[in-house]
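1. Below are the sequence and a predicted model for it; my questions follow.
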Amino acid sequence: MSHSDLAERVRIEDTQTISDTWATFRRYAFSWLRTDGSWTDLTQEVLEHRDGAAVLPYSTNRGTVFLVRQFRLPIFLRDGDHGLSLEVPGGLLDGEAPDDAVVRELAEETGFRIDRALQVFTGYMAPTLVAQRMHLYVADVDAAVTNSSVPEETEDLEVVEIPIETAMLLIARGEIRDAKTILLIQHARLAGLLKPQP
């Protein structure tokens, strides 16, 4: 089904802005044409955010991945634990191409300076609520130039090097909980980008 065909099945009836600070939170009232030919009235709240980009830095030679540990309030509120999350470096696009954003974010958050990263895919992390695309990458940092003067700005990050098999175990135990990080680690393992060390 083409976008134009789909647009014929959606009628936006009303839009209310609930919040418009770091991201825009809106409530939509709309009608949807069902496959049986009948219309149904629906209401949905959507968080509209700038697109983001994230990258999994890995070392083929060492068989490891590099993640950043940082506090995440939503995890703290939901899980009731310390709220620290192991994640791939990433952030929002600041008027730049995703390819450039991941190079910048990697340098800012880990100190690894590279020329380019390999894009894996683009997807939505929470399509039931968040209108945001995430551009996901991997990058071999064995030949990267390093800069120890990180992190910068107001971020409180700890860079952690983890063997790939340990990372897979942390996913299985629920200790790595960030969806984009889980996807990229599993991609790296399945694609054979790095091998477990003896």
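-> Perfect, thanks for sending it. Numbering: from 1, shown residues only.
2. need the contact list for the nearest residue to Leu67 once chain neighbours are set aside.
-> In space, and not counting its chain neighbours, Leu67 is closest to Leu86: 4.6 Å by CB to CB, 6 or more residues apart in numbering. In short, each C-beta sits where N, CA and C put it, glycine included. Under the criterion of CB atoms under 8 Å, 6 or more residues apart in numbering, the neighbours of Leu86 are Leu67, Val68, Arg69, Val160, Ile162, Leu170, Glu175, Ile176, Asp178, Thr181.
3. This structure: helices as residue ranges?
-> Assignment of helices within the chain using DSSP state H yields the ranges 3-7, 73-79, 98-110, 164-172, 179-190.
4. Domain boundaries for this protein, per the record?
-> Listed by automatic domain parsing, the domain ranges of the chain are 3-48, 52-190.
5. what's the most buried one of those?
-> With neighbours defined as mean count of other CB atoms under 10 Å, the domains of the chain peak in mean count at domain 52-190, which reaches a mean of 17.
6. Pick the one among the contacts of Leu86 closest to Asp100.
-> Top of the list for closeness to Asp100, among the contacts of Leu86 and by CB to CB, is Val68 at 19.4 Å.
7. Return the distance of that closest one relative to Arg113.
-> Val68 sits at a distance of 16 Å from Arg113 (criterion: CB to CB, to the nearest Å).
8. What residues are bridge-paired with Trp32?
-> Beta-bridge partners recorded for Trp32 (DSSP bridges): Val10, Thr40.
9. ah, wrong one, I meant Gln119
-> Gln119 has these beta-bridge partners by DSSP bridges: Tyr137.
10. Also Tyr124?
-> With DSSP bridges applied, Tyr124 shows beta-bridge pairing to Arg133.
11. which ones are touching it?
-> Neighbour list for Tyr124: Val130, Gln132, Arg133, Met134 [criterion: CB under 8 Å, 6+ apart].
12. Show the pLDDT at it.
-> What the model reports for Tyr124 is a pLDDT of 96.
13. 484 is where my numbering starts, stick with that
-> I'll keep to 484 as the first residue from here, and by that count the last item is Tyr607.
14. Tell me how far the residue nearest to Pro646 when sequence neighbours are not counted lies from Gly535.
-> Excluding its sequence neighbours, the residue lying closest to Pro646 (CB to CB, 6+ apart) is Thr547, at 5.3 Å. Distance, Thr547 to Gly535, by CB to CB: 24 Å.
15. swap in Thr664?
-> For Thr664, the distance to Gly535 equals 13 Å [CB to CB].
16. How about Glu648?
-> Taking CB to CB, one finds Glu648 at 28 Å from Gly535.
17. Tyr620 now?
-> Tyr620 sits 11 Å away from Gly535, going by CB to CB.
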